[in-house]
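Novice: After the sequence you'll find the predicted model.
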Amino acid sequence: KTLYEIDQLKKSAQNQEKGIKNSSHIAHIISSISKKCIAKAIDKQVINEFFNYAVNFFESEKLLLDAFNGLNVIDPVYLPFLYKDRLLLDVFLKTLSLGYAERIHKNSALMEEFFSIAEPIKIGDITKEEKERIEFAIICKFLSGNFDIAMFKVLTKFADELIKQTILEFNIKDIAVIGYGKLGIGELSIGSDLDLIILSKNSAETLIGDVQKMVSKIKKIFDVDLRLRPFGDREAIVINIDYLNNYFSKYARSWEKLAAQKARVIYSDFNSEYIDDIYKRFLDTKSITGKDIYNIKKNIEKTKGDNSNIKSFSGGLTDIEFIAQYICLEHRCADMGDSPLKLLEKIMQYKFLDSADINILRNGYIFYTKILSFIRIAHLRGGLRDENVEILKFLMGDRYIDKKIRAFKERIASIFNEVFCDNLGK
């Protein structure tokens, strides 16, 4: 009977104009059918047929969101469709951000059971669909309570392979691609873009056309940001490596040294050791001070540092990164592409900081990264607003998130001030 109703709904919708009134009517019917299917635990084929129709027929996800409103979606009958279909999982998570969390049955044990049987996180073909499958598998692991920053290495490796394959596809010679940011440190997460600098040894001007085609191809799968080159959008997207070397030695600003520390060579047609040497000399030159970093951070707090921004508020993620970078740059042990966790390992090894402080920074980095991942997964706009924190408590299975955030903020801000206030003149 339900399949018949769905078929009649299809015909009715196809024969009518898609006006607001009609869309509202269809949304009401869809909502009624979905509730009936799930409430009565009707055959899974029926539910699958309904959602396939709803996804394929409507251009907007709004009707699906309406259908989810009020449903007990954490249900043994329904959950298999969440971990098999990325779009459905996204829609489910969006219902949380729209304020429906209190209507969802909070059975975290059942969530763990179902989401833990997601496909293994491994790389297949380098396609947009494969990227979505990898992201989906990561989401399922996180929702099952198995958060691990190391999972981001799979997505990073996928991006690396995409860049290499695209270069080979367009047969581009005399080129090197440097990854910055999360790509550079091997922590490319869900929703991250690719921060790239593209270098050439002899052919920068002649490569621009082919490189633009390459970037356009990559943009079909990832967002790409090329603005980290010396003068951003004001110069060509391919720059000469000797020009970069000269810029680093004479003109680079303090924040560019911090950015360069996160850089990593992804692909190079010429000797990559030459590139490594340029960056190594730049990092080892004592051209950044504690006062520089302190001022950079305080400027970030003024422009972006409200209490809902986990990256930039006082005692947040950026504080941890700056502490780790500054200490290792000061002692000349920071290498290209070292993640904050790797830098903290070096600080622990050489005893540059008290071990208790290092553990606070390390645990804070993992905790904040976990929260940031769930904010992106659940499409939570506004960061750590009170209503979003309640959703995060549900998704992460931790009712004390707000208290932990306050504790980490206070301790990390204190360590930041100890490190930099003692070095403002250095």
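Specialist: Nice, thanks for sending it over.

Novice: In the chain, which helix is the longest?
Specialist: helix 355-377 (DSSP state H).

Novice: Now the next helix or strand along the chain from that helix: buried residues?
Specialist: Moving toward the C-terminus from helix 355-377, the next helix or strand (DSSP states H and E) is helix 386-396. By neighbour count with 16 or more other C-beta atoms under 10 Å, helix 386-396 contains the buried residues 388-396. Yep, even glycine has a C-beta here, placed from its N, CA and C like the rest.

Novice: What mean pLDDT does the longest helix of the chain get?
Specialist: Mean per-residue pLDDT for helix 355-377: 95.

Novice: With stretch 130-148 instead?
Specialist: For stretch 130-148, the per-residue pLDDT averages 78.

Novice: related to what we said a few turns ago, quick one: buried residues of the longest helix of the chain?
Specialist: 357-358, 360-362, 364-375, 377.

Novice: Show residues contacting it.
Specialist: 93, 139, 142-143, 147, 149, 187, 189-191, 310-311, 316-317, 320-321, 323-324, 340-341, 344, 347-348, 380, 383-384, 388, 392, 395-396, 401, 404-405, 408, 411-412, 415 (C-beta atoms under 8 Å, 6 or more residues apart in numbering).

Novice: quick one: low-confidence parts of the stretch 251-400 of the chain?
Specialist: 286, 305 (pLDDT under 70).

Novice: swap the cut-off to 90 and go again
Specialist: Per-residue confidence for the stretch 251-400 of the chain (pLDDT under 90) gives these ranges: 251-255, 270-274, 280-281, 283-292, 298-308, 330, 374, 376-383, 385-388, 390-399.

Novice: what sits against N309?
Specialist: N309 neighbours (C-beta under 8 Å, 6+ apart): 316, 383-384.

Novice: Kindly recompute the last result at 7 Å.
Specialist: For N309, the contacting residues are G383, by C-beta atoms under 7 Å, 6 or more residues apart in numbering.

Novice: do the same with E187
Specialist: By C-beta under 7 Å, 6+ apart, E187 lies in contact with 149, 152, 156, 339.

Novice: residues in contact with the closest residue to I123 other than its chain neighbours?
Specialist: Nearest in space to I123, with sequence neighbours left out and distances taken as C-beta to C-beta, 6 or more residues apart in numbering, is F158 at 5.4 Å. By C-beta under 7 Å, 6+ apart, the contact set of F158 is 123, 126, 131, 134.

Novice: For burial, what's the neighbour tally of the last one?
Specialist: A total of 21 residues lie near I134 under the criterion other C-beta atoms under 10 Å.
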